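Trainee: Below are the sequence and a predicted model for it; my questions follow.
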Amino acid sequence: MDFNIFMYLTYGVLAIVGALGLLIAKHPLRGAMGLLVTMLALAGMYAQLHAHTIAVFQVIIYAGAIMVLIIYFIMLLDIQSQDYIKRFAPLFWLGAPVVAVIVGIFLYKLMQILGSSAGVMSRLSNAPALQSSESYGGMKAFSTSLLTTYTFAFEYVSTLLFAAIVAVIAIVQLDWKGQGHA
Amino acid sequence: MESTFFGINTVTFITNLVIAGGIFGFMFTMGAVMSWSERKQSAQLQDRIGANRAGIPLPGGKSLKVWGFINNIADAIKCLVKEDFKPRAYDLFMYNLAIFFAFIPAVISVAVIPFAGEVHLAELFQSWYLKWIPGLPEYFATNLPNYVFRVQVANLNVGLLFVFAVGSISVFGAILAGWSSNNKFSMMGALRACSQMISYEVAMGLALLGIIFIYQTVDVWSLVQGQRELAFGWLPKWGIVLQPFAFFLFIASAVAENKRMPFDLPEAESEIISGYYTEYSAFKMLMFMFAEFIEICFVAIMITTLFFGGYSVPYLMADGFHWPWGAFTAVSHGNVVLLELGSFLTKVFFFCFLLQQARWSLPRFRYDQLMRLGWKYLLPLALLNLVVTVIIVALGGF
């Protein structure tokens, strides 16, 4: 097996293990660490596909900023009791079949794809993304497409985020004025 | 010559292995050297002698002390064999994981830094210091006459951003250590470390944007290549020449990022014992200390690479010195490599010294002063620096 493919699959497995860790872990901080593993593994997958810029931004923004914020709050709230889990425990029987169906469909589709066309792996290794690097995932290529093709989408998303921030501030202030200090 | 190893050319594999081993080995060695020099330097500044007792006994009643350097080995042995105290932690797994989050990012960011220029393997083995090896010079001259490699572990086209990405992960070390220790002092230290590192990373990134703008690259190799050019035919285009203001912003925010004096609030002894690593003992504590020393060395490496031309020696090209007055002094390839390595290490050692000197020269900030400096002074000044740089570049400067 080609080394690149091997690393790509390893990152894929790591991403799934991290996601499972997030779901299974009892303590929120362990769950957050599972999410961190998933994010770093995704960055590894991007890097393996020669999208170096996106890989680095994945680490800087998701692992370095968002995860730090999440962990900061988990640490500050410092929930030691696990009573809140009991409250939602009965919902397990509702959620489990849904998850099982989704996973089943996913696995069925995956088997179908892998079974229908032989040599998926060799096609993956010959994909154009794996051949070129600088012109594909380098800083210049990334910046050019961000500032030309995707300018509208990029600015639109930032407007959305701005709206979310305004909404959060509005809600928090409503609480302050309404019930006094909670 | 078509032999391969894991699908990689054998010669490439071996040279990469040697370079990676050498560079990472250098970082580990620097961790030890820095802890020694810090002890000696603080002793000098406080009018003491410093570590000078431990030594390796030599025949004839003398002992090998190397100005106290052997004390490092004694300390390491002590830390290895003493009791490994474990707190009743919230989470022992996280408690142990924190060490790796502190240590590994400190070491791996050096991977994108070039330690010397391009090396021509066959010519290198013709130099006076390698030509005595039997067989190899002839072998490389006949089989690999054109093999060239770079003294750099990974040549990433997003190298500078990689440094920031790895740096942003190292926050987790402090957070996890402080949280999992089940200790209020550790928790305070972790909160301080976290907010401080995030605040100063913004200023640090913005301070470097001017550099990125001028050299038009985030590839560390190309950054150094850009600094090798000359302005007006005689002035090396080093970062300090083109971005002198960014240098001071960077050095201030990098020291804060490093949690060193005068920004060492996360581990302020007089307030919160040792901050986030209060509950770590023996070799685990040593790992945190070691990571911090390696980070100081890495800050020195970054300053060298971004502002002082990296490995470049002024006027030295691949074949020799091209002096600005038109003269030319030929230098053999082996000596060029030595000069470049020596130039890089000299600069790094100098900045290591400077950063350590700062520790004993300045008192610690108060916490509100720290935050005010980061957000109200360094951040706007970095933005101002960027705006001025952009205007000058747009007007056709540089």
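Mentor: Yep, it's here. Numbering: from 1, shown residues only, chains lettered A, B, ... in the order given.
Trainee: Enumerate every residue touching the nearest residue to B:K259 once chain neighbours are set aside.
Mentor: With sequence-adjacent residues excluded and distances taken as CB to CB, 6 or more residues apart in numbering or on different chains, B:K259 is closest to B:P266, at 5.1 Å. (Glycine included, C-beta is placed from N, CA and C.) Shown in contact with B:P266 (CB atoms under 8 Å, 6 or more residues apart in numbering or on different chains): B:A174, B:G189, B:A190, B:R192, B:A193, B:Q196, B:K259, B:G275, B:Y276.
Trainee: repeat that for 10 Å
Mentor: B:174, B:178, B:188-197, B:259, B:272, B:274-277 (CB atoms under 10 Å, 6 or more residues apart in numbering or on different chains).
Trainee: In helices, which of the residues you listed appear?
Mentor: B:174, B:178, B:188-197, B:272 (DSSP state H).
Trainee: Which pLDDT value goes with the spatially most central residue of chain A?
Mentor: By CA atoms, centre = their mean, chain A has its centre lying nearest to A:M39, at 5.4 Å. pLDDT recorded at A:M39 is 92.
Trainee: got a list of what it touches?
Mentor: A:A15, A:G18, A:Q58, A:V59, A:I61, A:Y62, A:A63, A:G64, A:I66, A:M67 are the contacts of A:M39 under CB under 10 Å, 6+ apart.
Trainee: and what of A:V56?
Mentor: A:43, A:46-47, A:139, A:142, B:156-166, B:218 are the contacts of A:V56 under CB under 10 Å, 6+ apart.
Trainee: Try it again at 6 Å.
Mentor: B:V158, B:L161, B:F162, B:A165 (CB atoms under 6 Å, 6 or more residues apart in numbering or on different chains).
Trainee: would TSV of the residues you listed with pLDDT and secondary structure be doable?
Mentor: Shown next, in TSV, are the contacts of A:V56 (pLDDT from 0 to 100; DSSP: H, G, I helix; E, B strand; the rest coil):
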residue	pLDDT	secondary structure
B:V158	84	coil
B:L161	88	helix
B:F162	89	helix
B:A165	88	helix
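Trainee: and chain A, which of those contact it?
Mentor: B:V158, B:L161, B:F162, B:A165 (CB under 6 Å from any CB of the partner chain).
Trainee: Out of these, which end up buried?
Mentor: B:V158, B:L161, B:F162, B:A165 (16 or more other CB atoms under 10 Å in any protein chain shown).
Trainee: For the residue of the stretch 51-200 of chain B found nearest chain A, the count of nearby residues, please.
Mentor: Evaluated by CB to the nearest CB, the stretch 51-200 of chain B has B:S168 as its residue closest to chain A, separated by 2.5 Å. Other residues near B:S168 come to 23 when the count uses other CB atoms under 10 Å in any protein chain shown.
Trainee: What is the helix or strand it falls within packed up against?
Mentor: Assigned by DSSP states H and E, B:S168 belongs to helix B:159-169. Here helix B:159-169 touches helix A:52-57, helix B:92-108, going by 3 or more CB pairs under 6 Å, 6 or more residues apart in numbering or on different chains; DSSP states H and E.
Trainee: angle of that helix against helix B:92-108?
Mentor: 160 degrees (axes from the mean of the first three to the mean of the last three CA atoms, to 10 degrees).
Trainee: on that earlier part again, identify those among the contacts of A:M39 that sit within strands.
Mentor: Judged by DSSP state E, strands contain none of these.
Trainee: With respect to B:L386, which of those residues is nearest?
Mentor: A:I61 (20.2 Å; CB to CB).
Trainee: I'd like the distance between the closest one and A:L49.
Mentor: Noted for A:I61: a distance of 18 Å to A:L49, by CB to CB, to the nearest Å.
Trainee: How about A:A153?
Mentor: 21 Å.
Trainee: Of these two, which one has the most company?
Mentor: Neighbour tally, A:A153 and A:L49, criterion other CB under 10 Å: the higher count belongs to A:L49, 19 against 10.
Trainee: Would you mind listing the buried residues in the longest helix seen in chain A?
Mentor: The longest helix of chain A (DSSP H) is helix A:151-178. If you call a residue buried by 16+ other CB under 10 Å, then helix A:151-178 has no buried ones at all.
Trainee: Relative to chain B, which residue of chain A is the closest?
Mentor: For chain A, CB to the nearest CB, closest residue to chain B: A:G64, 2.5 Å.
Trainee: my guess is that residue meets B:G167, correct?
Mentor: No. Contact criterion CB atoms under 6 Å: A:G64 and B:G167 do not qualify, at 7.9 Å.
Trainee: list residues touching both of the two?
Mentor: In contact with both A:G64 and B:G167: no residue, using CB under 6 Å, 6+ apart.
Trainee: Would you state the strands of the stretch 151-300 of chain B in chain order?
Mentor: Taking DSSP state E, counting those that start in this stretch, the strands of the stretch 151-300 of chain B run over residues B:230-231, B:235-236.
Trainee: okay, those strands, which one's buried deepest?
Mentor: strand B:235-236 (a mean of 15; mean count of other CB atoms under 10 Å in any protein chain shown).
Trainee: List the contacts of stretch A:20-27.
Mentor: Contacts of stretch A:20-27 (CB under 6 Å, 6+ apart): A:G31, A:G34, A:L35.
Trainee: Could you list the buried residues of the helix or strand harbouring B:M371?
Mentor: Using DSSP H and E, B:M371 falls within helix B:367-372. For helix B:367-372, the neighbour count (16+ other CB under 10 Å) marks B:L370 as buried.
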